[in-house]
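# Build me a model:
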Amino acid sequence: MNPVEHVNEAMRQLKDAGLYLGTVDGDPGPQFRAAVLTWKKENASSVVSAPVPVEILSKLQHNVWPLEADAPAFFGYPPTLSPVVPPFRMTYEGTVLGKISVNAKLVASVNRIFAAVAAYFNHDQVALDASGITVFDGCYNDRTIQGSSRKSMHALAAAIDFNAAQNGFNTGHGTMHPAVVTIFKAEGWRWGGDYSGRTDPMHFEACR
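Predicted structure coming up:
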């Protein structure tokens, strides 16, 4: 399915559940997002920590990414960007995305991660939306680490943020679904929710 078809399928599922009263038009507007949040609250017991099946994890590759200090030499600066087409509907500031751009060295890894997440949630767009991964909040951003002169992993296009509104700084583990975290870690990525001190649960980065 293309991104609009994913949205329409999610809208139909929410309509069947009596949560979405709008039209099935592929536009993930406020009414649709509110319906997803309602679904998440009503299904909180099903959106809990659960082991990721071995058949999904076996398709991932536990990369040993560079130490953060060595990341600029490994990934290159400025980075070479390449597209990734998510296998589910993803949005940025409410707009449906056909693709995202990441460091060219991470394309295969991100494709495996997205495929594994989609498989874990049985390609159910509503469940994927509830997981937090379908709200894209940026990858490449040529900036330094906050409070430091060192380049951020975002400046290397080697970090991705999701669902920042619900996973801001110092919010512990935020609302990111544990399966999403498990899958990223299985690919060797580091999660900001594990930081000591100020946590950053929206943030995943390919470094140690």
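# What separation do you get for the spatially most central residue of the chain and I113?
Nearest to the mean C-alpha position of the chain, counting by CA atoms, centre = their mean, stands I133 at 3.2 Å. From I133 across to I113, the span is 9 Å (CB to CB, to the nearest Å). To be clear about C-beta, it is placed using only N, CA and C from the backbone, and glycine gets the same treatment.
# before we move on, what about E9?
Look at E9 and I113: by CB to CB, they are 22 Å apart.
# between these two, who's got more neighbours?
Taking other CB atoms under 10 Å, E9 and I113 do not tie; I113 has more neighbours (22 against 19).
# Contacts only, for E5.
By CB atoms under 8 Å, 6 or more residues apart in numbering, the contact list for E5 reads G26.
# pLDDT score for it?
On the pLDDT scale, E5 is placed at 72.
# Can you verify it is assigned to a helix?
Yes. Counting by DSSP: H, G, I helix; E, B strand; the rest coil, E5 is part of a helix.
# related to what we said a few turns ago, ramachandran angles for the residue nearest to the centre of the chain?
With angles defined as degrees, to the nearest 10, I133 sits at phi -80, psi -20.
# swap in G168?
According to degrees, to the nearest 10, G168 has phi -80, psi 180.
# thought A165 was touching G132?
No. A165 lies out of contact with G132 (CB atoms under 8 Å); the separation is 9.9 Å.
# Between those two, tell me which one has more neighbours.
G132 (23 against 11).
# Would you mind measuring from that one to V64?
Taking CB to CB, one finds G132 at 26 Å from V64.
# I'd say L60 and F184 touch.
No. Contact criterion CB under 8 Å: L60 and F184 do not qualify, at 9.4 Å.
# Which neighbours do the two have in common?
I113.
# So for those two, which sits in the more crowded spot?
F184 (25 against 20).
# State the distance from the residue lying closest to that one once chain neighbours are set aside to T171.
Spatial nearest neighbour of F184, chain neighbours left out: F204 (4.9 Å); criterion: CB to CB, 6 or more residues apart in numbering. Separation of F204 from T171 (CB to CB): 15 Å.
# Mind pulling up the pLDDT for M1?
55.
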